[in-house]
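>>> Generate coordinates for the sequence data below:
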Amino acid sequence: MFKKILNVLFVLLAFVIMNNPANAFYTDMDESHWAYQSIKFLTEVGVVVGYPDGTYKPDIPVTRAEFASMAIKALGQENSTVTQEVDFDDVTQDFWAYNIIQKAVYFDLIPNSKGESFRPFDSVTRAEAINIAVNALTTNQISQQKADDIVAKSYEDYTQMPAWFLMAAAKAHILDLVVVMPGHEGKMEANRPANRAEVAQILYKMMQEAKLNPNAKLAEVMQKRTAEGFIVDNVKVQGSIGIVPAGTIFPIKLETVVGSKISNVSDIYTAKTPMNYVTKDKYLLISENSDMKGQVKYVQPGKLFKQQGELIIKNELLVTPNDQAVMVYGVATLTPDKIGFWRKIFKGANVLTNPGQLVNIRLLAPIKIDLTNGYIYE
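Take a look at the predicted model:
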């Protein structure tokens, strides 16, 4: 009975992860929406939120204050400290986004001149949103002539773009930061208010690029976490992203007893990471005591004179100490340990693990990890 309860709980947990609000809880859109994946991801990490009625409202505009807040959250700087504040004549200290706007200026996302207006309630235009995304990055320098040529060749409404935006538009085009809605191909529509779907797509693209090439001020604070622990080989580090390739082997510590004579296919096991997993440069990948769960996938009891016992387990879930739950797939083949001489000859030894025993798991799919905060991208 207990095993059945565990099975049900595991299935329910997996169902929740695959079908939670971050995946499909907006009632006014589904996976067929062109910006769905970006909106899903940004919802998972708390950059965007839906409305109390369960909708996302992808087609309504975003205010400049709202976009500043989203951008700072997307860059992970909502808790950063600003030592020198700037003044806008239309944003007072009691305004809900005052601190966020200060951070957006400090990190060079938004330019500021003394006594300038911020216009927090105005809709953010596509040009303004794209410009902020470009400002978050370190970009290659190009001439104004080259920028004009890139934009003129790429967008039929080139002549309608504000002059101040042409350089940012060209850099955004080079970096694939420009978001064009279906049916609007070939147009920048720089002066049109950006809607919530476009904003999500722009921010998602900005986040990915900022992990590799943040601007100078962001680079100072986007430090990778370090730790001692089990060194995972062959991790590819790109900016602040660590990619653990498929085929990587690392230990897990079983909490459940499994064995070739006592376990059945689909039985649930639980485990933990026995230590920190780190790169060769000591960047922290996955923290010690992260929870892991999986199922028994194959059981072969030992048979005298015929075969040794064998058991295959498949890891399917990882829950990190910051309560992020993601599907992480890996397998381990368990065979009898410390087989005596005669048992080796006559076969029949069985597998039996004890709580605390280490088992090596081979990763079936790569894991992409933010080295600054431990977030795992699916």
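>>> tell me which residues of stretch 138-158 are tucked away?
T139, A147, D148, I150, V151, Y155, Y158 (16 or more other Cβ atoms under 10 Å). C-beta: built from backbone N, CA, C; applies to glycine.
>>> Now do the end-to-end distance for stretch 252-269.
End-to-end span of stretch 252-269 (Cα to Cα, to the nearest Å): 12 Å.
>>> Ok, stretch 191-198 next?
Taking Cα to Cα as the criterion, the two ends of stretch 191-198 lie 14 Å apart.
>>> residues in contact with that stretch?
33-35, 39, 48, 56-62, 67, 123-129, 160-162, 179, 181, 202 (Cβ atoms under 8 Å, 6 or more residues apart in numbering).
>>> Which among those residues count as buried?
Neighbour counting by 16+ other Cβ under 10 Å classes 33-35, 39, 48, 56, 58, 61-62, 67, 123-129, 161, 179, 181, 202 among the contacts of stretch 191-198 as buried.
>>> Out of those residues, list just those in helices.
I39, F67, R126, A127, E128, A129, I202 (DSSP state H).
>>> Between these, which sits nearest Q308?
I39 (51.1 Å; Cβ to Cβ).
>>> Would you confirm that the closest one contacts Y56?
Yes. Using Cβ atoms under 8 Å, I39 is in contact with Y56, at 6.2 Å.
>>> how does the protein divide up, domain by domain?
Per automatic domain parsing, the structural domains of the chain span 20-221, 230-377.
>>> as a whole number, average confidence for the shortest one?
For domain 230-377, mean pLDDT rounds to 88.
>>> cool, the longest one as well?
Mean pLDDT, taken over the full extent of domain 20-221, equals 93.
>>> For V328, which residues are in contact?
By Cβ under 8 Å, 6+ apart, V328 lies in contact with M292, N315, E316, L317, L318, L363, A365, I367, I376.
>>> can you rerun that using 10 Å?
By Cβ atoms under 10 Å, 6 or more residues apart in numbering, the contact list for V328 reads 244, 286, 290, 292-294, 315-319, 361, 363-365, 367, 376, 378.
>>> For Y375, see how far away F67 is.
From F67 over to Y375 the distance is 22 Å, taken as Cβ to Cβ, to the nearest Å.
>>> Y36 now?
Y36 is 20 Å from Y375, where distance means Cβ to Cβ.
>>> who has more neighbours, those two?
For Y36 versus Y375, neighbours defined as other Cβ atoms under 10 Å are more numerous around Y36 (19 against 16).
>>> my guess is E44 meets Y377, correct?
Yes. Counting by Cβ atoms under 10 Å, E44 touches Y377, with 9.5 Å between them.
>>> Quick check: neighbours shared by the two?
Here E44 and Y377 share the contacting residues V326, scored by Cβ under 10 Å, 6+ apart.
>>> Do a quick rundown of the helices in the protein.
Along the chain, counting by DSSP H, helices occupy 2-19, 21-24, 36-44, 64-74, 98-106, 126-135, 144-154, 166-174, 196-210, 216-221, 341-346.
>>> Any chance of those in JSON lines with distance to S80 as columns?
Shown next, in JSON lines, are the helices of the chain (distance: least, Cβ to Cβ, whole Å):
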{"stretch": "helix 2-19", "distance to S80": "30"}
{"stretch": "helix 21-24", "distance to S80": "25"}
{"stretch": "helix 36-44", "distance to S80": "19"}
{"stretch": "helix 64-74", "distance to S80": "8"}
{"stretch": "helix 98-106", "distance to S80": "6"}
{"stretch": "helix 126-135", "distance to S80": "16"}
{"stretch": "helix 144-154", "distance to S80": "31"}
{"stretch": "helix 166-174", "distance to S80": "24"}
{"stretch": "helix 196-210", "distance to S80": "14"}
{"stretch": "helix 216-221", "distance to S80": "6"}
{"stretch": "helix 341-346", "distance to S80": "61"}
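>>> contacting residues for L109?
Listed by Cβ under 10 Å, 6+ apart, the contact partners of L109 are 67-68, 71-72, 75, 77, 101, 103, 131-136, 206, 215, 217-218.
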